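In: build me a structure from this.
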Amino acid sequence: MKTIIGITPDYSYELQKYTISQYYIEAVKKAGACPVVLFDDFPQEINGIILTGGGDVNPLLFGEEPLTENGEICPKRDAFELKLCKWAISQKIPMLGICRGMQIIALCSGGSIYQDIYTQTDSHIKHMQKAPRSQGTHTIEITEESLLHSIFQQKSEVVNSFHHQAVKEVGKDFFVSARSKDGLIEAMEHKKSPFVLGVQWHPETMPNHIKLFEVFVKKSESKK
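Out: Numbering: from 1, shown residues only. Sure thing, here's the model as predicted:
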């Protein structure tokens, strides 16, 4: 029986529809697992979880008023993913957070995020690229002796970038495993779990990053 990976979708209040990018589905399938979409439940059959990218998290949830640069929010999605994330960590379910997904992991574990990196930091690196999604556009420096380093087998990597928010501080039991050249956090990992990893870029759209999904699926096999 194949490893089952639960993937969180986006939700549109206007259209009353859930949506999910085919990139996530294909990445999981290429890594040898069976993808299923999670709506509002935590199935016991799930071996691993992917928290996907999307819009902004409601800043009121982390004690801040919204900046004018804050984008579209989805309360339905915020509530479900924060509960799902806490449950997955408590149950030691392998989890991969991508872009917004990494920010959800940070918030549910006591960390914090920047609502807008260009008004709240002095970054001059372009983090919302105007290039194909498969194309990396800036460099990250990877922490040695991290899970991420064991996957890429190198100290730096070029990644794509589609975000205006970022993790400010990682939460309890997490450490920073990669930063961009401007010092922003690009990856974070749980200190005790075998695989709870958040990445700020979108590896599902980069063919040369399939190894990340392969390792994630392999770690998820232990939850069968």
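In: and the strands in this protein, which stretches?
Out: Residue ranges of the strands in the chain, as given by DSSP state E, are 4-7, 10-12, 17-19, 34-37, 48-51, 95-98, 112-114, 138-142, 156-159, 166-169, 174-180, 185-190, 196-199.
In: list the buried residues of the longest one.
Out: With burial defined by 16 or more other Cβ atoms under 10 Å, the residues of strand 174-180 counted as buried are 174, 177-180. Bear in mind the C-beta positions are built from the backbone N, C-alpha and C, glycine included.
In: now that strand: how far from the chain's centre is it?
Out: 13 Å (Cα atoms, centre = their mean, to the nearest Å).
In: need the contact partners of that strand.
Out: 105-106, 109, 111, 125, 127, 138-143, 146-149, 157, 170, 185-191, 196-197, 199 (Cβ atoms under 8 Å, 6 or more residues apart in numbering).
In: just the buried subset of those residues, please.
Out: 105-106, 109, 111, 127, 138, 140, 142-143, 146-149, 157, 170, 185-190, 196-197, 199.
In: nearest residue to F42 other than its sequence neighbours?
Out: Of all residues not flanking F42 in the chain, W87 sits nearest, at 5.3 Å (Cβ to Cβ, 6 or more residues apart in numbering).
In: I'd like to know how far that neighbour sits from K181.
Out: Here the distance between W87 and K181 works out to 35 Å (Cβ to Cβ, to the nearest Å).
In: cool, E157 as well?
Out: From E157 over to K181 (counting by Cβ to Cβ), the distance is 12 Å.
In: flag the shaky bits of this protein, pLDDT-wise.
Out: 224 (pLDDT under 70).
In: cutoff 80 now
Out: Along the chain, segments meeting pLDDT under 80 span 222-224.
In: for it, what's the longest helix?
Out: As assigned by DSSP state H, the longest helix anywhere in the chain is helix 75-90.
In: okay, now the closest residue to K76 other than its chain neighbours: neighbour count?
Out: Nearest in space to K76, with sequence neighbours left out and distances taken as Cβ to Cβ, 6+ apart, is Y11 at 5.4 Å. For Y11, the neighbour count with other Cβ atoms under 10 Å is 18.
In: isn't Y11 right next to V37, touching?
Out: No. Between Y11 and V37 there is no contact, the gap being 11.3 Å when judged by Cβ atoms under 8 Å.
In: between the two, which contacts overlap?
Out: Counting by Cβ under 8 Å, 6+ apart, the contacts common to Y11 and V37 are Y18.
In: returning to what we had before: shared neighbours of E157 and K181, anything?
Out: T139.
In: before we move on, the earlier item: out of the strands of the chain, which comes closest to L67?
Out: strand 112-114 (9.5 Å; Cβ to Cβ).
In: buried residues in that closest one?
Out: Applying 16+ other Cβ under 10 Å to strand 112-114 flags 113-114 as buried.
In: pairing partners for that strand, with directions?
Out: strand 166-169 (antiparallel) (DSSP bridges).
In: state the distance from the nearest residue to Q135 once chain neighbours are set aside to S193.
Out: With Cβ to Cβ, 6+ apart as the criterion, Q135 has its nearest non-adjacent residue at 6.3 Å, and that residue is N160. Here N160 is placed at a distance of 26 Å from S193 (Cβ to Cβ).
In: more neighbours, those two?
Out: N160 (22 against 18).
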